[in-house]
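In: A predicted structure for the sequence below; I have some questions about it.
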Amino acid sequence: MSTPQRKTDIGPPHYKQFLPPVIQKNYGQWKYHEELSAGVMVHVSESGDEIYTVRVASPRLISTDFIREISDIADKYCDGYLRFTSRHNVEFLLSDKSKLEPLQKELKDKGFAIGGIGNRVSNLVHTQGWVHCHSAATDASGLVKVLMDEFYDYFTSKELPSRVRLAVACCTNMCGAVHCSDIALVGVHRKPPIPDHERIPNQCEIPSTIGSCPTGAISPDPAKKSLKINDEKCMYCGNCYSVCPALPIADPDNDGVAIVVGGKVGSLRNGPKFSKLVYPWLPNNPPRWPEVVNAVKGILEVYAKNARKHERVGEWVERIGWEKFFKLTGIPFTFQHIDDFTFARETWRTSAAFKW
Amino acid sequence: MSTPQRKTDIGPPHYKQFLPPVIQKNYGQWKYHEELSAGVMVHVSESGDEIYTVRVASPRLISTDFIREISDIADKYCDGYLRFTSRHNVEFLLSDKSKLEPLQKELKDKGFAIGGIGNRVSNLVHTQGWVHCHSAATDASGLVKVLMDEFYDYFTSKELPSRVRLAVACCTNMCGAVHCSDIALVGVHRKPPIPDHERIPNQCEIPSTIGSCPTGAISPDPAKKSLKINDEKCMYCGNCYSVCPALPIADPDNDGVAIVVGGKVGSLRNGPKFSKLVYPWLPNNPPRWPEVVNAVKGILEVYAKNARKHERVGEWVERIGWEKFFKLTGIPFTFQHIDDFTFARETWRTSAAFKW
Amino acid sequence: MSEMRKTPLLDDLEKGPWPSFVTEMKKAAAKSEMSNDLLGALEQCYKDKKTHWKHGGIVGVRGYGGGVIGRYSDIPEQFPGVAHFHTVRVNQPSAWFYKTDSLREICGIWDKYGSGLTNFHGSTGDMILLGTKTENLETIFAELSSRGWDLGGSGSALRTPSCCVGPARCEWSNIDTLDITYSLTEEFQDEMHRPAFPYKYKFKVSGCAVDCVAAIARADCAIIGTWKGDIKIDQAEVQRYAKNGMDINAEIVNMCPTKCITYNGKELKIENEDCSRCMHCITKMTKALRPGGERGATILIGSHAPFVKGAQLSQVIVPFMKMEPPYTEIKELTRKIWEWWDEYGKNRERIGELIERKGMRDFLEYIGVDPHPAMIKEPRRDPFYFWTTDELK
Amino acid sequence: MSEMRKTPLLDDLEKGPWPSFVTEMKKAAAKSEMSNDLLGALEQCYKDKKTHWKHGGIVGVRGYGGGVIGRYSDIPEQFPGVAHFHTVRVNQPSAWFYKTDSLREICGIWDKYGSGLTNFHGSTGDMILLGTKTENLETIFAELSSRGWDLGGSGSALRTPSCCVGPARCEWSNIDTLDITYSLTEEFQDEMHRPAFPYKYKFKVSGCAVDCVAAIARADCAIIGTWKGDIKIDQAEVQRYAKNGMDINAEIVNMCPTKCITYNGKELKIENEDCSRCMHCITKMTKALRPGGERGATILIGSHAPFVKGAQLSQVIVPFMKMEPPYTEIKELTRKIWEWWDEYGKNRERIGELIERKGMRDFLEYIGVDPHPAMIKEPRRDPFYFWTTDELK
Ligand code: SRM
Ligand code: SRM
Ligand code: SRM
Ligand code: SRM
Ligand code: SF4
Ligand code: SF4
Ligand code: SF4
Ligand code: SF4
Ligand code: SF4
Ligand code: SF4
Ligand code: SF4
Ligand code: SF4
């Protein structure tokens, strides 16, 4: 069989062909929506038309079989239309209300998790991890799985004060949303890279490797036509390794997972925020990372108990103050929490007012 | 007459000898105070004892005659005790209530300004200016005088939503409180220093001069044994001139006064704050700097009209937002307002929410 | 087909209620040697607690500089199926809407020439076809492109733009996120497929300030819908919310960041002049409150992940821009931005970092935008700023 | 005595209600040639719109490296009286309390050997004797010191400590600001008079978080009184405030930054666990509210004016320190801080800048203080931190 004629620079298919007729008709005319359950909502148009959305979880790393399975369901109930969300969930879209119950039943029967709408834990934005990336200090898919096993009820039913957006990134490149998430995990190293002087001259561009280091820890080693790393200055970020493969940094015993909390992206109320460090390091303990799961659970539960309605994690922490956050969660406060990077000064307490 | 025997390292006189008896007796036992007028307050002790304070303005730059005059008054009414405040006012301290009226009368007769207590404009923290400093880009004493002539009523009677702390510094060394004041003036240059290549080799230490430049605009000029300034990078801060006298920077036509607002130092409510730039430059127009006085007056009046009770200038601006501040005051918004110094990034609006 | 890899550690991740990626991998492994070896390689990572991938070399399809991420195993002897295991980034349709027939077509291609594993979707937005051999790339591309699909971005190039569901299914969208995204993607095909930038450049488009695609945190250029005008209030619906148990003072009035809402138990009032259009009240009372007036977008520039000096959020550059096809204004602005970046940007310097290094004035003057208080949270603190000669005496 | 200088510009500053420094200068000029020439020189500055002073050389008194600011006119031919015009910084008594007889003594000395002009006080806190000639310095010092006065600081040295009125006349002081200031000044005489630091170092002591000497903004070391315990409430006085027209909800409850106050029209309650001791409520209802429990101070380090990288505010280093004579703990801490600064500080690097450059961990470990959440407003954002080998596997 010969390969067909390639085309270039055509861009993606036009979106219109993928929009269900009810959307084409009511495009831009939606008036309001209602959350019918943890995984079902209805949007109502100015015209009175309705569209129902049933959302189910996806592990994101999916086989073609999975895609075919959801396609079959979409054919059966949704005239062949479906979409994915910005957090990797699958959305079935129907205009025919009578199909809502049968669809949900079939989904449940097939073991799909329906949920993630509203003030709940939704699916995680995450990354490649050990499945595909050379840079990963931890696995992403595994962490997502163990977290969501733990928080399953918060996806399918239980409510929280507000949305809680979790994310995982397997290294400090943070492909994803870790830097602005309610609670997020990031894979970290704890030892400087060990220069491989044999490979550096061939595989690495010296100036750009030196330039990649945020702390200026790398200098040329002209004798070896290689690089030197000042261990005192290195904070194991791995950026040099992104640029130069001959600076391996992975270390099974010392790599692990850091937890950051309190970030968000929406401009609602008090605006987008960066996540802040709360656990500098927890061990990589696959396959189920119990220390990490417990830590996240601890934070989520304290939040659930203490926050006000509509208050995101970061808003809650800012209201009570970080000193209180550490008290309530019992997370030990260490030197690692005190910023000494670019904007350190802005994060120190320059006031005589704080809580005991 | 021979000079007496010098002593060294004795430190200041012990404070106790200067404390009025009522203070010695009630030291640390004060229970509450009451503001009796713009310039008079009473502090009441646990013991029931009272101390009255009458506060008067001082130009700070005072002659020995002035000191003798207030001393005579203090002898007459206050058993020879008086103090100065952290904002350069003079305080007469009495325990005998019956002397309160006669003291005030005499002060008024002698032309003293009684006031500055409570939610008013108090005296200015300020600096040497052209009276004594080589670095001054404007005069301080003159600016204080013209401002306080304008705001006299706010010192002696009229109330404001909260205290308004004004300050003046004659150069960006900011000897004083400009960086954390409600409204403050600072003398600024607008042209790079002109290296005096003849004097530099003798009068200046090259490395420390280079190191003094916040923007790295200075480099060695080995041929001349002197320095070069990269005009593109120079933002006229004058720090190099502090270190090297052969880098004169004054320029009568381009020097002038910048106005910053919204700073405070107390930890009350939302804590200490830096002042922020609102007028990047107004001309040096001695002796009365009308442009500067008008500008400060404009800000103060908008604040007085719009702020809530107990709200400091910075708290008010933060409540309404800086975009609204510029709208209400009509101050033109220019490139100079947008930070491009160390923490620039932290001051940019990283949110889609702002007021039109 | 060889025996299924033994994966005792990973097997544990088939337990528990959340759908399992391991199960997905096994489904693929049943059909694909690559996926079977991927399972084995991943089990090895779980054992060794470290990655077994090497840096990717440059692989791709003819005429394109990106769209494929090269990947090689560091233990190819043990797992020959993933000796090469490159991923193909396919440009997703706007807002991730699909028809099942297209999905099935892609599945067919991928089962045939790839691992049968995918990511729906990558965090930039692409459909990710996870793992194939170098020799299959051209065929895969021909199969895809002949059916109307093209590759997404990678490397120092424009990355695949993405957007929220917007007008397709959301009552709050102020702009046509899907159309803008499509139009920008089509306009800049060359910039996406032939990396020529100092570093990556991402667009994300959200219909309103809720920002359901995290544009403000994850796109060098965030286009976020907004409005100029008063919020329309349906007082009857306000009453209905109250009756249904909403504590309007606690949930709405007190949470309004600008404190511009009042509610006396009967009527809700908004001082629109003070509203910052943050969307809080509108999202919580969607039946009662709606934006009113003119629609457009705020353009924010500069966000990126932590390297090198720390993460940045995007900052307001154009407070309000009308957004109508063919979107000439944003396209022209973008070209200007790229020109400036091209001129001054260092290798691996994101636009946000360059703006910080060169200063906002330089940037704004070049792209022809006037300073505006909406660009800042607060003015600078230190009186250290520049003047141009024509501003001086 | 020569004729009074003509000062048409300055004369304008004798008009208006606020006391005039020009009038003061004229009073001094009537008796002193130096002051008369100062008037003239200042008029010249007003005319030329620039300063006429040159950088000061090193002048001072025997055995001291500071306390005198050298100053020379750049037009000495025109104003010979201020050809040299050095100022003498005299260490003020704690909280600026004086008896008139001592003031008169100083006036006598200054009329005789100086310009007769002063600043009461300099912004660091010293009594400033404004302008004299080099040859008078030793005599002035002998006259002053024999009467119990000493010089303040200048140069790269400890600067004159200062403090708020504190327990002497303020109901809110948690510490003996006057005594602490006196004791520190006496302890560190050598460090004040013989500059040996990388740069200046300032102490300021405030009795409470109101900070009436701006310690947090203007002192490398701010000692700020605070307490550990509950705020005592006199409910009857609360009622009196209400009766006298205070809107307790608007002025107190809603302005409490931690929102830990409630008021039901009858009783005011404080959730003390949530109080940050900001002092707002206490200052506005001084008769009703008082700090309770243990007293001590928070120690904050590092503020300074904008150079080089921007102004800093002081940051919490020790959340709570008991403050009892002889104040051994703060003195020992201070010596540790200086040791570290001495070891690592660059020339003209303030302690706050060094802490930023070297990192808090280095600093805290050296001075022997454990990390505490009170030290930060928020934890770091980026996962970029150091580990010591004993923390690792
Ligand atoms: C489907 C999706 C957009 C898409 O194009 O895919 C979406 C859809 C809606 N979002 Fe969203 N949001 C989606 C990602 C986001 C994100 C982005 C993210 O998570 O990375 C955010 C920003 C989170 C942040 O600030 O960090 C987001 C913050 C919100 C909020 C604001 C919550 C808050 O108060 O902070 C609302 C408003 C609300 O309903 O309260 C909202 C509301 C909505 C509404 C109700 C809008 C509407 O009227 O249709 C939609 C359904 C509600 C729901 O899921 O509960 N959506 N929403 C995304 C679903 C992701 C998922 O599968 O879970
Ligand atoms: C005398 C003085 C201390 C001294 O040792 O010299 C002093 C004395 C008092 N201050 Fe102060 N403050 C003095 C400088 C300051 C400063 C420092 C400064 O201005 O540089 C501040 C910090 C300003 C800032 O945050 O930027 C200051 C912020 C306050 C406040 C807080 C105001 C606020 O709400 O932000 C109060 C509390 C109040 O009464 O509302 C206060 C209250 C007081 C009280 C009522 C304390 C008391 O119970 O005795 C004293 C008299 C009230 C008055 O002047 O209205 N004092 N006060 C200083 C008088 C300066 C002057 O002559 O005007
Ligand atoms: C596949 C994906 C993660 C995922 O599992 O979804 C991904 C994977 C990689 N990213 Fe990423 N990034 C992905 C979205 C992101 C995002 C999120 C986004 O776009 O919304 C970010 C944060 C936002 C940003 O752009 O800053 C992100 C920030 C990075 C960075 C750090 C950039 C920086 O300025 O700090 C790097 C490092 C680099 O460029 O060398 C990076 C580099 C990489 C590389 C190419 C590793 C490398 O250094 O060569 C990863 C390839 C993994 C692999 O083997 O497949 N990736 N990367 C995402 C792209 C899928 C797609 O096209 O849809
Ligand atoms: C006299 C005084 C201003 C006044 O009129 O009150 C003053 C005057 C000078 N200061 Fe200052 N500073 C004075 C308080 C301050 C303060 C305020 C304070 O101490 O509360 C500050 C800001 C706080 C701080 O320490 O950062 C201050 C920050 C500076 C700086 C900038 C330091 C920095 O780290 O950025 C310099 C520049 C320098 O050290 O070279 C400076 C330098 C100077 C010099 C010595 C000029 C120079 O570069 O050689 C000035 C001598 C003027 C003269 O001819 O008399 N002065 N200086 C104040 C000292 C009087 C006193 O002893 O009581
Ligand atoms: S976060 Fe790091 S390890 Fe994970 S996919 Fe991105 S670059 Fe790779
Ligand atoms: S790991 Fe990071 S800090 Fe360490 S040398 Fe590499 S780039 Fe520098
Ligand atoms: S602010 Fe500048 S000009 Fe004024 S006294 Fe201080 S150093 Fe001199
Ligand atoms: S004035 Fe400031 S910016 Fe200009 S050269 Fe001197 S130190 Fe540098
Ligand atoms: S960003 Fe706004 S318009 Fe887009 S889906 Fe979210 S809420 Fe709707
Ligand atoms: S959109 Fe935000 S700022 Fe505007 S009224 Fe609603 S809550 Fe307030
Ligand atoms: S700082 Fe506190 S203790 Fe000192 S005078 Fe001010 S209010 Fe009183
Ligand atoms: S001291 Fe401040 S934080 Fe504490 S109760 Fe009073 S106002 Fe609230």
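Out: Yes, it's here. Ligands and ions are numbered 1, 2, ... in the order given.
In: Tell me, how many residues neighbour residue C:388?
Out: Using other Cβ atoms under 10 Å in any protein chain shown, residue C:388 has 9 other residues around it. No exception for glycine: its C-beta is placed from N, CA and C like everyone else's.
In: I misspoke; the intended subject was residue C:115.
Out: Neighbour number of residue C:115 under other Cβ under 10 Å is 29.
In: show me the contacts for it.
Out: Counting by Cβ atoms under 8 Å, 6 or more residues apart in numbering or on different chains, residue C:115 touches C:28, C:32, C:34-35, C:38, C:85, C:129-132.
In: Quick check: which ranges of chain A have low pLDDT?
Out: For chain A, the stretches flagged by pLDDT under 70 are A:1.
In: Run through the strands of the stretch 51-200 of chain A in chain order.
Out: Ranges of strands in the stretch 51-200 of chain A, per DSSP state E, counting those that start in this stretch, are A:61-63, A:81-84, A:90-94, A:166-169, A:183-188.
In: Relative to residue B:43, which of those is closest?
Out: Among the strands of the stretch 51-200 of chain A, the nearest to residue B:43 by Cβ to Cβ is strand A:183-188 (51.2 Å).
In: moving C-terminal of the longest helix along chain A, what's the next helix or strand?
Out: If you go by DSSP state H, chain A has its longest helix at helix A:290-306. Moving toward the C-terminus from helix A:290-306, the next helix or strand (DSSP states H and E) is helix A:313-320.
In: where's that next one relative to the chain centroid, distance-wise?
Out: Centroid separation for helix A:313-320 versus its chain: 20 Å, with Cα atoms, centre = their mean, to the nearest Å.
In: One more: stretch C:190-203?
Out: 15 Å.
In: What parts of chain C come near ligand 10?
Out: Residues of chain C lying near ligand 10 by Cβ under 6 Å from any ligand atom: C:256-258, C:260-261, C:270, C:275-282.
In: Show me what counts as buried in stretch C:338-353.
Out: C:338, C:340-341, C:344-345, C:348-353 (16 or more other Cβ atoms under 10 Å in any protein chain shown).
In: Would you mind giving me the confidence score for residue C:3?
Out: Note on residue C:3: pLDDT of 89.
In: What of the one 3 residues further on?
Out: Among the per-residue scores, residue C:6 shows a pLDDT of 96.
In: Next, count neighbours for it.
Out: For residue C:6, the count of nearby residues is 11 (other Cβ under 10 Å).
In: Work out for me the element the closest residue in space to it that isn't next to it in sequence sits within.
Out: Distance criterion Cβ to Cβ, 6 or more residues apart in numbering or on different chains; nearest residue to residue C:6, sequence neighbours excluded, is residue C:43 at 7.4 Å. Taking DSSP H and E as the criterion, residue C:43 maps to helix C:33-48.
In: which residue does chain C bring closest to ligand 12?
Out: When scored by Cβ to the nearest ligand atom, chain C has residue C:254 as its residue closest to ligand 12, at 17.1 Å.
In: May I have the residues that are in contact with that residue?
Out: By Cβ under 8 Å, 6+ apart, residue C:254 has no neighbours at all.
In: any chance you could map the helices in the stretch 1-150 of chain C?
Out: Ranges of helices in the stretch 1-150 of chain C, per DSSP state H, counting those that start in this stretch, are C:8-11, C:21-31, C:33-48, C:100-113, C:137-146.
In: Show me which positions of the second one end up buried.
Out: In this case it means helix C:21-31. By neighbour count with 16+ other Cβ under 10 Å, helix C:21-31 contains the buried residues C:21-29, C:31.
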